[in-house]
Every structure is written in structure tokens, then in C-alpha cells.
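In: Predicted model and sequence below, questions to follow.
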Amino acid sequence: MPAHVSPPMPLAPARSSPLHALADYFYQIWRRRYFWWSLVKIELRTRYRGTYLGLGWSLLNPILMTIVMCLVFAKLFRQPLATYAPFVLSGLAFWNYLTGIVMDGCHSFRRGEAYIRQHPAPLAIYPLKASLVVGIHFVMALLVLLGTVWVARGSVPWHALWLLLPALGLFAVLGWTTAIVMGVVNVWFEDTAQLSQVVLRALFYATPVFYNGDMLRKHGLGWVVDWNPLAACLEVLRAPVLDGRPASLYTYGFLAAVALGMTLLAGLILWKVERKLIFHL
């Protein structure tokens, strides 16, 4: 090459598109599936080590609360016990799932701090671990719910149970993304967990967990149920299990829109803070 001719400059690497970056992010999570699944198993073993009931302890709360509420509210609401018991148990099973997602999500990054400092991996793994642990408890509660329906009513609407699949898919997305958002917020604002308990307690009474939403509609408070995504979650769970039918398309669409919004929010938050979150732990 002549001396006066400069060597060609190396081409700058092409910037990947957002979709390509997102696909690569999920691929990195999938590559580490043995790592985060090991975290799930360690969490379950540690939580119930030395206990006699093991995972059964997670079912004791909804079962006892269902018994208490049936003794108190079945007569007050003039509901047959065979109808009211599965109704309440389904509500409490979901509420325990929600509470677990929020509270475990709040602590997901702080509990994983040692791994975050030692093992470079997508940070979404740690809220994923939290949501999977809570999800396992939720699936067990659903099995108890189906058993309760069978005992109370003499049969289970098996033909409609496949409708639980889209419901569980929406719950999984909402659970993971909610855990991400709560975990990040709790890193910067450590009172998040305590504040969340107060908010959840208020939402419990604004959500038809142990009462029928029609009771609010009769008193002009239908908007509390109609615009409450938690009420929509209960509807897509109860409709196939208790009534043997699908929830309305509006309910599924509403929840899908909420899930999409939470996914975009969680993705935006992680994109903004993932590289600097470690400095705030």
C-alpha cells in the first residue's frame, strides 16, 4: 500500500434493533435457566427446612381463613356453604399470590445481592425467581381449590379447566413484571414493602375476594369492580373453576392490556437502571 494512502477504518458495529436486543435479553435469561431454577429450589428448601408440613404451610392460611369467613359471612350474605366456600377459597388463593408477588418482589434484588455482585446475569432473573416460588404455592392452592369444589359440589367442571391456561399465562406475566417494578422501587425507596402492606390491606376490601361484586353495583359502586384489574383476575380464575364457563372477552382484553402495560413499564425501568442498580444495593 502506498505510504500516502491511509488504511481503511474498521466499520463500526451496527446497532442492534430494540427487538433484537429484547430477544437477546430473553435468550440470556433462558441460557441461565439452570441457575435461576436452582435459586427457586434453594429458596423452597430454605423456607421449609426442618418443618413437618413443608410446602403445606403455604396452604394453611387460605384454608383457615376460608373456614373463618364461611362461619361469619355465609349466613350474613345468605350464601349456601357449598357455594360460598369455593368462592372464598379462590379469592384468598389469588390474594395470597398477589401478596407474595408484591412482598417477595420488593426484596428480590436485595436477597440476590451476593449473586448479583459475583455472577453477571440479566437482573430480571431475581424477580423471576421470586415469582416462580410464589407461583408454585399458587398452583398448590389451585389443587386444593379443585378438591374443595369437588367435595362441596360433587363434581368439577373439567371441560372448562383448560380456560385456566390463559388465566395462568396472564398471572405469570403480571407476577414477573410486578416483581420487577416492586424490586427496583424498593432498592431506591426502602419503605416500599411497608407501604405496600398498607395499600394491599386497603385493596383487599375494595376487591371482591369474599363478597360478590354485584353487591357494590347495587349501591352505585360498580366502578370499584369494573375498573379494578384485581377483580378481573378473580373473574378469569373463578369463571372456569366455579361456573364452568369462560370469562368475558372484555375481561381477558382488559387484563391483557394491563399485562402489556406492566411489561412495558418493567422493561423501561430495567433499561434505565440495570447498569447502576448494583451501586444502590
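Out: Thanks, I have it.
In: Going by residue numbers, what spans are helices in the protein?
Out: 18-31, 33-47, 57-76, 81-106, 108-111, 113-118, 125-153, 164-188, 192-206, 214-217, 222-226, 229-238, 249-273 (DSSP state H).
In: Tell me which of these lies nearest to His280.
Out: Closest of those to His280 is helix 164-188, at 5.2 Å (criterion: C-beta to C-beta). (Each C-beta comes from the backbone N, C-alpha and C, glycine too.)
In: Pull out the buried positions in the closest one.
Out: Across helix 164-188, burial judged by 16 or more other C-beta atoms under 10 Å covers 164, 166-168, 170-187.
In: repeat for stretch 209-217
Out: 209-211, 213, 216.
In: So among these, where is pLDDT lowest?
Out: Lowest pLDDT within the buried residues of stretch 209-217 is found at Leu216 (86).
In: Check the spacing between that one and Cys233 real quick.
Out: 17 Å (C-beta to C-beta, to the nearest Å).
In: Can you add distance to Leu281 and give the helices of the chain back as JSON lines?
Out: Below are the helices of the chain laid out as JSON lines (distance: least, C-beta to C-beta, whole Å):
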{"stretch": "helix 18-31", "distance to Leu281": "20"}
{"stretch": "helix 33-47", "distance to Leu281": "17"}
{"stretch": "helix 57-76", "distance to Leu281": "28"}
{"stretch": "helix 81-106", "distance to Leu281": "13"}
{"stretch": "helix 108-111", "distance to Leu281": "6"}
{"stretch": "helix 113-118", "distance to Leu281": "5"}
{"stretch": "helix 125-153", "distance to Leu281": "11"}
{"stretch": "helix 164-188", "distance to Leu281": "7"}
{"stretch": "helix 192-206", "distance to Leu281": "14"}
{"stretch": "helix 214-217", "distance to Leu281": "42"}
{"stretch": "helix 222-226", "distance to Leu281": "38"}
{"stretch": "helix 229-238", "distance to Leu281": "30"}
{"stretch": "helix 249-273", "distance to Leu281": "12"}
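In: just the CA coordinates of stretch 209-229, formatted as PDB?
Out: C-alpha atoms of stretch 209-229 as PDB (Å, rounded to 0.1, in the frame of the first residue of the first chain):
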ATOM      1  CA  VAL A 209     -62.400 -11.500  47.500                       C
ATOM      2  CA  PHE A 210     -65.100 -12.600  49.900                       C
ATOM      3  CA  TYR A 211     -68.100 -10.800  48.600                       C
ATOM      4  CA  ASN A 212     -69.800 -10.700  45.200                       C
ATOM      5  CA  GLY A 213     -69.100  -7.700  43.100                       C
ATOM      6  CA  ASP A 214     -72.800  -7.300  42.300                       C
ATOM      7  CA  MET A 215     -73.200  -6.100  45.900                       C
ATOM      8  CA  LEU A 216     -71.300  -3.000  45.000                       C
ATOM      9  CA  ARG A 217     -73.100  -2.500  41.800                       C
ATOM     10  CA  LYS A 218     -76.400  -2.400  43.600                       C
ATOM     11  CA  HIS A 219     -75.200   0.500  45.600                       C
ATOM     12  CA  GLY A 220     -73.700   2.500  42.700                       C
ATOM     13  CA  LEU A 221     -70.200   1.400  43.300                       C
ATOM     14  CA  GLY A 222     -69.800  -0.800  40.300                       C
ATOM     15  CA  TRP A 223     -66.800   1.200  39.100                       C
ATOM     16  CA  VAL A 224     -64.800  -0.100  42.000                       C
ATOM     17  CA  VAL A 225     -65.100  -3.600  40.400                       C
ATOM     18  CA  ASP A 226     -65.300  -2.700  36.800                       C
ATOM     19  CA  TRP A 227     -62.000  -0.700  36.700                       C
ATOM     20  CA  ASN A 228     -60.200  -2.900  39.200                       C
ATOM     21  CA  PRO A 229     -57.700  -5.300  37.400                       C
END
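In: Quick one: distance of that stretch to the chain centre.
Out: What separates the centre of stretch 209-229 from the centre of its chain is 22 Å, taken as C-alpha atoms, centre = their mean, to the nearest Å.
In: Now tell me what touches it from outside.
Out: Stretch 209-229 is contacted by residues 69, 73, 77, 87-88, 91-92, 94-95, 206-208, 231, 234, 254-255, 258 when judged by C-beta atoms under 8 Å, 6 or more residues apart in numbering.
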